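K.L.:
when you get a sec, could you give me coordinates for this:
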Amino acid sequence: MHPPEILDLPRLPRDAEGPVFAEPWQAQAFALTVKLHEVGAFTWTEWAQALSSELAGDPSDDGARYYQHWVAALESLVGDHGMARADELHARKQDWLAAYQSTPHGQPVKL
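P.N.:
Numbers count the residues shown, from 1 in each chain. Predicted coordinates for the structure are as follows:
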């Protein structure tokens, strides 16, 4: 079960049953955020403030970039709480990009 505050997040893509995801990485980012909150990595208020700040910086977003903002907010909190440094996050993204670019079409990307 998601925190009840999930229902109050602005511009969260959803259908009648709740949040929806266009890509698997979006569901993973969502689940990671909820799990980090559940284990006490940050409060839900901190999360809502971080996401709101990211969304406010892109008022023209019609929801298409919502999860990009979601990941940026999560990365910000991870850095603010000392869970990973910015250079570590950047290196991991580069590793994933290289793995993605070298993976044949239709195959799962492995890091």
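K.L.:
which stretches in the chain count as strands?
P.N.:
Under the criterion DSSP state E, the chain contains strands at 14-15, 18-19.
K.L.:
tell me, which of those strands is the model least confident about?
P.N.:
With a mean of 72, strand 18-19 has the lowest mean pLDDT of the strands of the chain.
K.L.:
how about CSV for the strands of the chain, with mean neighbour count added?
P.N.:
For glycine as for every other residue, the C-beta is placed from the backbone atoms N, C-alpha and C. Conversion of the strands of the chain to CSV gives the following (neighbours: other Cβ atoms under 10 Å):
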stretch, mean neighbour count
strand 14-15, 10
strand 18-19, 12
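K.L.:
dump these to CSV, plus distance to Asp95.
P.N.:
Shown next, in CSV, are the strands of the chain (distance: least, Cβ to Cβ, whole Å):
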stretch, distance to Asp95
strand 14-15, 32
strand 18-19, 28
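K.L.:
and Phe21, what pLDDT?
P.N.:
On pLDDT, Phe21 comes in at 87.
K.L.:
now it, nearest residue through space, not along the chain?
P.N.:
Ala27 (4.3 Å; Cβ to Cβ, 6 or more residues apart in numbering).
K.L.:
from Leu111, how far out is Ser102?
P.N.:
Ser102 is 11 Å from Leu111, where distance means Cβ to Cβ, to the nearest Å.
K.L.:
give me the pLDDT for the residue nearest to the spatial centre of the chain.
P.N.:
Taking Cα atoms, centre = their mean, the centroid of the chain lies closest to Val71, which sits 3.0 Å from it. Predicted confidence (pLDDT) for Val71: 95.
K.L.:
closest to Gly63 out of the strands of the chain?
P.N.:
With Cβ to Cβ as the measure, strand 14-15 is the member of those nearest Gly63 (9.8 Å).
K.L.:
partner strands of the closest one and their direction?
P.N.:
Partner strands and pairing direction for strand 14-15 (DSSP bridges) are strand 18-19 (antiparallel).
K.L.:
chain center to the helix or strand of the chain with the lowest mean pLDDT, what's the gap?
P.N.:
Every helix and strand in the chain was compared by mean pLDDT, DSSP states H and E; the lowest is strand 18-19, with a mean of 72. Distance of strand 18-19 from its chain centroid, counting by Cα atoms, centre = their mean, to the nearest Å, is 15 Å.
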